[in-house]
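Visitor: give me the fold of what follows.
(one chain, ligands or ions: 2)
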Amino acid sequence: MDAPLLKERERATFNVTELIHLLNGSEEETKRRKELESWLYNNPVFRQDDRYQISREEVYERGLQKTRELVNLCRRKNIKFDSLDFARLNISTLEELPFFLHVIMFIPTIRGQGTEEQKRKWLPLAEDLKILGTYAQTELGHGTFLRGLETKATYDVSSREFIVNSPTITSMKWWPGGLGKTCNYAVIAAQLYTKGKCYGIHMFIVQLRSLEDHKPLPGVTIGDIGNKYGFHTVDNGFLRLDNVRIPYENMLMRYAKACDYIPPVNPKINYGTMTSIRVDLVKDASVILAAASTIAIRYSAVRHQTEIRPGEEPPVLDYITQQFKLFPQIATAIAFHFAGDYMHRIYDKVQSEIFDGHLSAITELHGISAGLKAFTTDTSIAGVEICRRACGGHGYSNASGFQRFYENWLGSATYEGENTVMYLQAARYLFKCYDNPKEAPETMSYLRYPQNKMEWNVKSADDVSNYATLITAFEQRALSKISSTAKKLKNLTHYGMNRNDAWNAASVDILHSIKAHCHYFIVKNYMQSLNHLKMSSPLRQVMTAVALLYANYGIDEHAGDFLESGFMNGKQINLVRAKILQLLKEIRVNAVAIVDSFDFDDRFLRSALGAYDGNVYNRLFKWAKLSPLNKTEVHSSYKYLRRILQSKL
Ligand SMILES: CCCCCCC/C=C/C(=O)SCCNC(=O)CCNC(=O)[C@H](O)C(C)(C)COP(=O)(O)OP(=O)(O)OC[C@H]1O[C@@H](n2cnc3c(N)ncnc32)[C@H](O)[C@@H]1OP(=O)(O)O
Ligand SMILES: Cc1cc2nc3c(=O)[nH]c(=O)nc-3n(C[C@H](O)[C@H](O)[C@H](O)COP(=O)(O)OP(=O)(O)OC[C@H]3O[C@@H](n4cnc5c(N)ncnc54)[C@H](O)[C@@H]3O)c2cc1C
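Guide: Ligands and ions are numbered 1, 2, ... in the order given. Now for the predicted structure:
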């Protein structure tokens, strides 16, 4: 192992294994995760060393080979698709596999919106992979505005069938994962028409390809939408339906009935699958940022460059600017880890209420999940890029491992709800609670108390080491934004603007308000989670420093907000900045040990810069030699080069 990483690990002041188990939930959870990973990583099909030297078609084919291996493994080990074990396996492959949507959206939509009879029919087929489905909602012309979707499902009473049709080019389904070449079924979001009346979006199970030869069925035009930033293993596809007839029983009718139409108690119950993925994305944001931080910190500990003191070329991790870039990323990854735990707890609670027929909580769940999905994906996407840039030239190489994270994760700002739209959806709920504070859920309970123009009684750097004062700072910042925006909305409507135009006119302020609220929630949840966790005092000291860094860094990053709120003054902002420098120094000794606690296998990171042994340069050279251009000493295209060299200008 590279000596610098050895020395870094020897300097650690806490037990790495204790933090690994804390982040995994328990020692047993850690053991189970590592066992599952070993089943994957020991399988050569999950290799990735030549990932950037193969074509899109080979990448897609590899994706299907991995799917086959993953499915065989699940069958051998009796791992169900809706199990925690499968979720762990899935994140460990960190490849969006072609059948991915089948597991995370097609099956859950049937499970959540099918009648008992429909579940009895379709779930065994889907769980046994007799059929492979996707979630086909987005169209060429509409992704966000679901009420604007154009695909039609017209009920034909005489034949007891639905006629599913794409009436225009913009109504073609566009983007669904696995739609292009993999899936033979889809849950299709379509406007339900019966007896000449439109009843809005409902979900319909439609067969797309023959189960015998996989050819498209009559009336089905289908294919891949072409190359994208990432998701190369996934055949995101297009689909045009030309009056395809499906049986009456293929409309998912747990909450609505087509014949003599009975509407769902809450029409947005049909959107439940999207909410479940948004909840997952909060924890995924933590994993992606933790992986990128691991690569950047380990590399920064072995990369020596220039001098602080003459004659000494230090690891770049000794530069305060490098620490200022990277340590907040570690802190953010841990903050989002706890936010993801919170989201899953809330989701499970609401799901059980929904299955008991109580739908009231779905608006709150939507409001919270939409906001945190946008906040954590936006922040982590930016964080991965900060980590990449912190690795200089080698960070720009595919050998760094960053591109694979980045190219797939970039999509999270768009899929499952474009982030601006999600922020505004969350804000819609936030301002409703502001106007009716008694209805505010626990996550917005601070709205119940009028904003007091409190002065932050912070006199020294030590005062910014107190969770309560920091939580109050973020609370007051959010309240200040929300109340001033609410006043703006009130003025706009008072002077005659209708509510929707006023909302649009104030939407930039609304965006700032909901982001401030999300930030407050993340800080509060982070600190309260740490307070509830049992840990040794050496570990608590480290975790406290990291949590304080997350909060103080957030104040520094948005200093204008805190000053504008009147809650802090310039002197106090400087105290925060002094505290940040003190925390960077305190964390430095444990930086490598903290990312070791994220416990990523090298075969997950697939990074010459972030491997556990720190043997960067040999790994880079070995990877470079894989380049197809190096198959021959003189490339076959030399004939062109020769002409260039011999040509006369
Ligand atoms: C590792 C992860 C891998 C992921 C792989 C990628 C797979 C990707 C799959 C997809 O992308 S699937 C498609 C995702 N598409 C979307 O998310 C579309 C987003 N758009 C919408 O959700 C809606 O169009 C909208 C933005 C909510 C707007 O709809 P509408 O115009 O009807 O709403 P409003 O008039 O604003 O009223 C909103 C009203 O409805 C409630 N609500 C909205 N959504 C939900 C929901 N999901 N659950 C519960 N309630 C919802 C909202 O609270 C409002 O209620 P009220 O305020 O009126 O009470
Ligand atoms: C990798 C990937 C995988 C996907 N997989 C699937 C899938 O499996 N199934 C599926 O159905 N879909 C899928 N999608 C589609 C995805 O859900 C949509 O792209 C997404 O919902 C955004 O919709 P849109 O593309 O129409 O963007 P638009 O809504 O057109 O957004 C364009 C711009 O308009 C702005 N905007 C739109 N509405 C508003 C508003 N009300 N207020 C303010 N600004 C607004 C947005 O903020 C954005 O800046 C996938 C997309 C990607 C990138």
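Visitor: which residue does the stretch 501-649 of the chain have closest to ligand 1?
Guide: Ligand 1 sits closest to residue 503 of the stretch 501-649 of the chain, with a gap of 9.6 Å, by Cβ to the nearest ligand atom. Just so you know, the C-beta spots here come from the backbone N, C-alpha and C atoms, and that holds for glycine as well.
Visitor: quick one, phi/psi of that residue?
Guide: phi -60, psi -40 (degrees, to the nearest 10).
Visitor: contacts only, for it.
Guide: Contact analysis of residue 503 by Cβ atoms under 8 Å, 6 or more residues apart in numbering lists 489, 510.
Visitor: any idea which helix or strand carries the residue lying closest to residue 569 once chain neighbours are set aside?
Guide: Using Cβ to Cβ, 6 or more residues apart in numbering and skipping the chain neighbours, the partner closest in space to residue 569 is residue 563 (7.0 Å). Secondary structure assignment for residue 563, by DSSP states H and E: helix 559-564.
Visitor: nearest residue to the middle of the chain?
Guide: residue 281 (3.3 Å; Cα atoms, centre = their mean).
Visitor: check contacts around that one.
Guide: Per Cβ under 8 Å, 6+ apart, neighbours of residue 281: 373, 376, 377, 412, 416.
Visitor: doesn't it fall inside a helix?
Guide: Yes. Per DSSP: H, G, I helix; E, B strand; the rest coil, residue 281 lies within a helix segment.
Visitor: now it: closest residue in space, sequence neighbours ignored.
Guide: residue 373 (5.0 Å).
Visitor: just residue 363 next, same as before
Guide: That would be residue 429: by Cβ to Cβ, 6+ apart, it lies 6.4 Å from residue 363.
Visitor: please apply the same query to residue 269.
Guide: residue 255 (5.0 Å).
Visitor: list the buried ones in the helix holding residue 563?
Guide: 559, 561, 562 (16 or more other Cβ atoms under 10 Å).
Visitor: the last one reaches residue 575, doesn't it?
Guide: No. Counting by Cβ atoms under 8 Å, no contact exists between residue 562 and residue 575, whose distance comes to 11.8 Å.
Visitor: only the buried residues of the helix or strand residue 332 falls within, if you could.
Guide: Using DSSP H and E, residue 332 sits in helix 320-355. Neighbour-count burial for helix 320-355 flags 322-323, 325-343, 346-347, 350-351, 354 (criterion: 16+ other Cβ under 10 Å).
Visitor: quick one: name whatever helix or strand follows that helix.
Guide: Assigned by DSSP H and E, the successor of helix 320-355 is helix 361-389.
Visitor: and the next helix or strand after that following helix, which residues are buried?
Guide: The helix or strand immediately downstream of helix 361-389 is helix 392-395, counting by DSSP H and E. Burial within helix 392-395, assessed by neighbour count using 16+ other Cβ under 10 Å, is assigned to 394, 395.
Visitor: do you know how far the residue of the stretch 501-649 of the chain closest to ligand 1 is from residue 447?
Guide: 18 Å (Cβ to Cβ, to the nearest Å).
Visitor: what about the chain, any weak spots by pLDDT?
Guide: 1-2, 49, 94, 450-455, 649 (pLDDT under 70).
Visitor: what are the boundaries of the strands in it?
Guide: 133-136, 152-156, 161-165, 173-174, 185-194, 197-207, 220-224, 237-241, 244-247 (DSSP state E).
Visitor: who's in contact with the first one?
Guide: So that's strand 133-136. Contacts for strand 133-136 (Cβ under 8 Å, 6+ apart): 101-102, 105-107, 109, 126, 173, 176-179, 182-189, 205, 237, 239, 273.
Visitor: need the contacts of residue 281 in CSV (columns: distance to residue 636).
Guide: What follows is the contacts of residue 281, written out as CSV (distance: Cβ to Cβ, whole Å):
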residue, distance to residue 636
373, 49
376, 48
377, 44
412, 41
416, 45
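Visitor: name the member of these with the most neighbours.
Guide: residue 373 (31 neighbours; other Cβ atoms under 10 Å).
Visitor: my guess is it contacts residue 282, does it?
Guide: Yes. Counting by Cβ under 8 Å, residue 373 does reach residue 282; the two are 6.3 Å apart.
Visitor: counting neighbours, what do you get for the residue of the stretch 101-250 of the chain found nearest ligand 2?
Guide: Closest residue of the stretch 101-250 of the chain to ligand 2, Cβ to the nearest ligand atom: residue 143 (2.3 Å). Number of residues near residue 143 (other Cβ under 10 Å) recorded here: 18.
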